[in-house]
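Undergrad: My questions concern the predicted model and sequence given below.
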Amino acid sequence: MRIPEQIRRLSVVVLIIVAGLLLTRYLVPASLVKQRVYRAASVKREIAREVRYAGGSICINCHEEVNEQKKKGYHKTLACETCHGPSAKHTEDPSAVKPFAPRERKFCPLCHEYNPSRPTGFPQITATAHNPLKPCITCHNPHDPVPPQVPRECSACHAEIARTKALSRHALLECTTCHTAPPKHKQIPRSVRPTKPESREFCAKCHDKGSPQKTAPKVDAATHGERYLCWECHYPHMPGEA
Ligand code: HEC
Ligand code: HEC
Ligand code: HEC
Ligand code: HEC
Ligand code: HEC
Ligand code: HEC
Ligand code: HEC
Ligand code: HEC
C-alpha cells in the first residue's frame, strides 16, 4: 500500500518537532525543566542581589529635622531617595558613606522644566530664563521649596514690570532699591512720581569692579559702555537680555 504524499510530509514535520523537544531537554538547564526548582533558583538569585535602597521610613530615624521640614512643604510627596539616590550603604555606616546630594542646577528641572505634557498647575519654569546661572538651591530650600517672596507692593499697578523683574537676575532687588517712591505715589501716581536712577554711578555702586557688593557681576565702570547711561543698553528690569 502506498502512503499518501501528504501523510509523508506531515510525518517529517512531526519528527522535527519531536526531535526538537528531545534536544531542548538536554540543552536547557535542569532548573528550568523541573518547574519548582527553577522558581526557587530565581528567588535565590534575587535575594543575592545587593540591597541599594533603604526605603522611605528609615531616614527619619536620624534626620528628623529634615523630615519635619519636608512633610509640611510642597515636596511632602517625594521620597528622600528620589533625590538622594540609593542610600542603603549610608544607613549602615553614615559617617563612612555619604549619600549623593543633587546640588547642581540641572537636577531640579528634571521635574520642573516646562513641558506641555505635565499636568496644568504643576509648578514649572523655563530653566534658561528662570534666574539662570545660579543653583536652584541658592533660592529654594530643597526640603521646603517655598518660592522666595518677591516684593509685591508695587505690582498691584506695575504688574508687567514686576513679572518681568521676577524672572530676571534682578529678581531679588526691591523696586525701592532703585526708585524712591513717596507714599502719595500710590494715591495720586501721576502727580507724585518716584525717583529714577540718574547716573551710571548708581548701577556702578554694585557692578563696578571696585564695589564691595559680593554677588553682582563686575565691570570696569570707567570704560564699560562709557558715554552712555547703563540703561541705554541694559533694560534694568531684565538685565542680561539687552
Ligand atoms: C543611622 C543614622 C542615619 C540614617 C538611618 C540615615 N542617615 Fe543620613 N546622615 C547620618 C549622619 C550621622 C550624617 C552626617 C555624616 C557626616 O557628616 O559625617 C548623615 C548625612 C546625610 C546627608 C548629608 C551628606 C552631605 O553631603 O553632607 C544626606 C544627604 C543624608 N544623610 C541622607 C540620608 C538619607 C536619604 C537617608 C535614608 C535613606 C539617611 N540619610 C539615613 C545618619 C543617618
Ligand atoms: C527635592 C529633592 C530632595 C528631597 C526630596 C530630599 N532632599 Fe535632602 N537634600 C537635597 C539637596 C539638593 C541637598 C543639598 C542642600 C545644600 O547643599 O544646601 C540636600 C541636603 C540634605 C542633607 C544635608 C544638609 C542638611 O540640610 O542637613 C540631609 C541630611 C538630607 N538632605 C536629608 C534628606 C532626607 C532625610 C530626606 C527625606 C526626608 C531628604 N533629604 C529629601 C535634595 C532633596
Ligand atoms: C521627582 C520630582 C521633583 C523633583 C526632582 C523636584 N521637585 Fe519641586 N516639586 C515637585 C512636586 C510634586 C511639587 C508639588 C507640586 C504641587 O504642589 O502641585 C513641587 C513643588 C516645588 C516648588 C513649589 C512651587 C509652588 O509655588 O507651587 C518649588 C519652588 C520647587 N518644587 C523647587 C524644586 C527645586 C529647587 C528642586 C531641586 C532641588 C526640586 N523642586 C526638585 C516635584 C519635584
Ligand atoms: C535667584 C533666585 C532663584 C533661583 C536661582 C531659582 N529660583 Fe525659582 N523662583 C524664584 C522666585 C523669586 C520665584 C517666585 C517667582 C514669582 O512669584 O513670580 C520662583 C519660583 C519658582 C517656581 C514656582 C513657579 C510657579 O509657577 O509657581 C519653581 C517651580 C521654581 N522657582 C523652580 C526653580 C528651579 C527648578 C530652579 C533651578 C533651575 C530655580 N527655581 C532657581 C527665585 C529663584
Ligand atoms: C496705585 C497704583 C500704583 C502703585 C501702587 C505704584 N505705582 Fe508707580 N506709577 C503708577 C502710575 C499710574 C504711573 C504713571 C505711569 C505713566 O505716566 O505712564 C506710575 C509711574 C511710576 C514710575 C515712573 C516715573 C516716571 O517719572 O517715569 C516709577 C519709577 C514708579 N511708578 C515706581 C513705582 C514703585 C517703585 C512703586 C512701589 C513702591 C509704585 N510705583 C507703586 C501707579 C502706581
Ligand atoms: C536695578 C534698578 C531697578 C529696579 C530694581 C527697578 N527699576 Fe524701575 N527703572 C530703573 C531705571 C534705571 C529706569 C529708567 C529707565 C529709562 O529711563 O529708560 C526705570 C524705570 C521705571 C519705570 C518707568 C517706565 C519704564 O518702564 O521705563 C517704572 C514704571 C518702573 N521703573 C517701575 C519699577 C517697578 C514697579 C519696579 C519693581 C517691580 C522697578 N521699577 C524696579 C531701575 C530699576
Ligand atoms: C543693589 C545692587 C545692584 C544694583 C543697584 C544694580 N544691580 Fe544689576 N545685578 C545685581 C546682582 C546681585 C546681579 C546678579 C544676580 C544674579 O546673580 O543672578 C545683577 C545682575 C545684573 C546684570 C546681569 C549680568 C549678566 O551677566 O547677565 C546686568 C546687566 C545688570 N545687573 C545691570 C544693572 C544696571 C544697568 C543697573 C542700574 C540700573 C543695576 N544692574 C543695578 C545687583 C545690582
Ligand atoms: C554701550 C552699551 C552698554 C552700556 C552703556 C553698558 N553696558 Fe553693560 N554690557 C554691554 C554688553 C554688550 C554686555 C555683554 C558683553 C559681554 O558679555 O562681554 C554688557 C555686560 C554687562 C554686565 C555683565 C558682565 C558679566 O561679567 O556678566 C554687567 C554687570 C554690565 N554690563 C553692567 C553695566 C553697568 C553697571 C553699566 C553702566 C555703568 C553698563 N553695563 C553700561 C553693553 C553696555
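TA: Right, received. Where do you want to start? Ligands and ions are numbered 1, 2, ... in the order given.
Undergrad: Could you confirm whether the host helix or strand of residue 162 reaches ligand 4?
TA: Here residue 162, judged by DSSP states H and E, is contained in helix 159-166. Yes - against ligand 4, helix 159-166 shows contacts by CB under 6 Å from any ligand atom at residue 166. All C-beta spots, glycine's among them, are computed from the backbone N, C-alpha and C.
Undergrad: any residue of the helix or strand that that helix is followed by up close to ligand 5?
TA: Using DSSP H and E, the helix or strand that follows helix 159-166 in sequence is helix 175-178. Yes - using CB under 6 Å from any ligand atom, helix 175-178 reaches ligand 5 at 175, 176.
Undergrad: now helix 175-178: mean pLDDT?
TA: Averaging pLDDT along helix 175-178 yields 94.
Undergrad: tell me how far the helix or strand that that helix is followed by is from the chain's mean position?
TA: Moving toward the C-terminus from helix 175-178, the next helix or strand (DSSP H and E) is helix 200-207. Relative to its parent chain, helix 200-207 has a centroid offset of 34 Å by CA atoms, centre = their mean, to the nearest Å.
Undergrad: next one: stretch 162-179
TA: 24 Å.
Undergrad: So is it next to ligand 7?
TA: Yes - using CB under 6 Å from any ligand atom, stretch 162-179 comes into contact with ligand 7 via 169, 170, 173, 177.
Undergrad: Turn the residues you listed into CSV, including neighbour count and distance to ligand 1.
TA: Listed next are these as CSV, based on neighbours: other CB atoms under 10 Å; distance: CB to the nearest ligand atom, whole Å:
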residue, neighbour count, distance to ligand 1
169, 18, 28
170, 22, 32
173, 16, 31
177, 13, 34
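Undergrad: out of the residues you listed, who's near ligand 6?
TA: 170, 173, 177.
Undergrad: Take those residues and write them to CSV, including distance to residue 109.
TA: Formatted as CSV, these follow (distance: CB to CB, whole Å):
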residue, distance to residue 109
170, 22
173, 24
177, 29
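Undergrad: now, among those residues, which is nearest to residue 146?
TA: Minimum distance to residue 146 across those is 19.5 Å, recorded for residue 173 (CB to CB).
Undergrad: Up against ligand 6, what does the protein have?
TA: 154, 158, 161-162, 165, 170, 173, 175, 177-179, 196-197, 231, 236-237.
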